[in-house]
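Colleague: Have a look at this fold, sequence not included:
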């Protein structure tokens, strides 16, 4: 098979944006997507997440995103992405789950089962949804109740009448508590006290994204953009607030079969719980890139900074053939589309340099 000029892995917001801009530059490419249907991670989100609840879905290039509504985001956004793929004629191939990427001379070899593609450049847009993170605590395997991660949140009714421990200090934890507290007894624990905000303007958003960009520039594992924006309560969460759902407790020391226990320094407090909901985030899904040796000793993938655009860092410092979008500072719908443009530009420049 003749080598492609570029190959995109992932057809979420970042991957579709990258494909759009690659096509604009007439760069021969394919988009490989692991899902059987369009929609990226959005098709897997919980059904109670409405369009009015999300932080915002940015426009894909040349197409207005659907407006907020009470419709389920896991239906609206996949429909939007699917229409976009068809309207733009993007070369998406699915389902293809990439297992590894190797370097062979000047080419990158992308392997998925029995299928192999060779490409001069690669745009990785695999996001984080397939890498849910659950921290280890002593006794976690002994818990006799139910443990669920955000990625598999079954909805508030699933927990009705039970005692539920929600772990995590992000926006998802706040939303889950807002849904569950009116129908169940809840406890909330976080590693650090939550930072509440009254307002979140453009300046605060830029500062938050810049903080994430700085970590990536130094080769550290990227922090979530949401994790540094602060938390706010929406009207639908006020009932839970009145019930005391947001009275946060510090992290426990260990898990026991029927609950969690704090350290002796904290009085050895014990709280019985029926279920633990881990709203503890995700990690970048980049294991398939391991053969390329992109990670720094600190555990992250360092990206080349782009002056004047904190969300424009996409090029791997170690291997300039590789672009990462939806990683670090571009891990938001707005940042993902901007990163897609930057990645296509970087691919174009690399191909021109190689051909010169």
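Modeller: Arrived safely, thanks for sending. Predicted model only: the values in this text are computed from it and were never measured.

Colleague: Any idea which residue is closest to the centre of this structure?
Modeller: Residue closest to the average C-alpha location in the chain (CA atoms, centre = their mean): residue 128, at 4.0 Å.

Colleague: got a pLDDT number for the nearest residue to that one once chain neighbours are set aside?
Modeller: In this structure, residue 128 finds its nearest non-sequential neighbour in residue 282, 3.6 Å apart by CB to CB, 6 or more residues apart in numbering. C-betas here are computed from N, CA, C, even on glycine. Looking at residue 282, its pLDDT reads 93.

Colleague: who does residue 282 bridge with?
Modeller: With beta bridges defined as DSSP bridges, residue 282 has these partners: residue 132.

Colleague: need the contact list for it.
Modeller: Contacts for residue 282 (CB atoms under 8 Å, 6 or more residues apart in numbering) come out as 128, 129, 131, 132, 133, 150, 151.

Colleague: Then residue 188?
Modeller: Residue 188 sits next to 165, 166, 173, 177, 245, 246, 247, 248, 249 when contact means CB under 8 Å, 6+ apart.

Colleague: The helix or strand containing it pairs with which strands, parallel or anti?
Modeller: Under DSSP states H and E, the secondary-structure element containing residue 188 is strand 185-190. According to DSSP bridges, strand 185-190 forms sheet pairs with strand 163-167 (parallel), strand 249-250 (parallel).

Colleague: Need the residues that contact the first one.
Modeller: Residues from elsewhere that reach strand 163-167, judged by CB under 8 Å, 6+ apart: 173, 176-177, 180, 184-190, 251, 260, 271-280.

Colleague: element containing residue 238, please.
Modeller: Here residue 238, judged by DSSP H and E, is contained in helix 238-242.

Colleague: quick one: buried residues of that helix?
Modeller: Judged by neighbour count using 16 or more other CB atoms under 10 Å, the buried positions of helix 238-242 are residue 240.

Colleague: Check what contacts it and list those residues.
Modeller: Under CB under 8 Å, 6+ apart, the answer for helix 238-242 is 177, 178, 179, 180, 181, 182, 186, 233, 246.

Colleague: Weed out the non-buried ones from these.
Modeller: Neighbour-count burial (16+ other CB under 10 Å) is assigned, among these, to 177, 178, 179, 180, 181, 186, 246.

Colleague: CSV for the contacts of residue 188, including pLDDT and distance to residue 115?
Modeller: Conversion of these to CSV gives the following (pLDDT from 0 to 100; distance: CB to CB, whole Å):
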residue, pLDDT, distance to residue 115
165, 98, 43
166, 98, 41
173, 94, 39
177, 97, 44
245, 95, 48
246, 95, 49
247, 95, 52
248, 95, 48
249, 96, 49
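
Colleague: Go through the residues you listed and name the one nearest residue 117.
Modeller: residue 173 (39.4 Å; CB to CB).

Colleague: roughly how far apart are that closest one and residue 191?
Modeller: Distance of residue 173 to residue 191, given as CB to CB, to the nearest Å: 12 Å.

Colleague: These two: which is more packed in?
Modeller: Taking residue 173 and residue 191 together and counting by other CB atoms under 10 Å, residue 173 has the greater number of neighbours (25 against 11).

Colleague: Using the three-state scheme, assign that one.
Modeller: When classified by DSSP: H, G, I helix; E, B strand; the rest coil, residue 173 comes out as helix.

Colleague: and it, how far is that from residue 48?
Modeller: Computed with CB to CB, the distance linking residue 173 and residue 48 is 14 Å.

Colleague: Pretty sure residue 277 sits against residue 153.
Modeller: Yes - shown here, residue 277 and residue 153 form a contact pair, counting by CB atoms under 8 Å, at 7.2 Å.

Colleague: which neighbours do those two share?
Modeller: For the pair residue 277 and residue 153, residues contacting each of them under the criterion CB under 8 Å, 6+ apart are residue 176.

Colleague: Many thanks, we can stop here.
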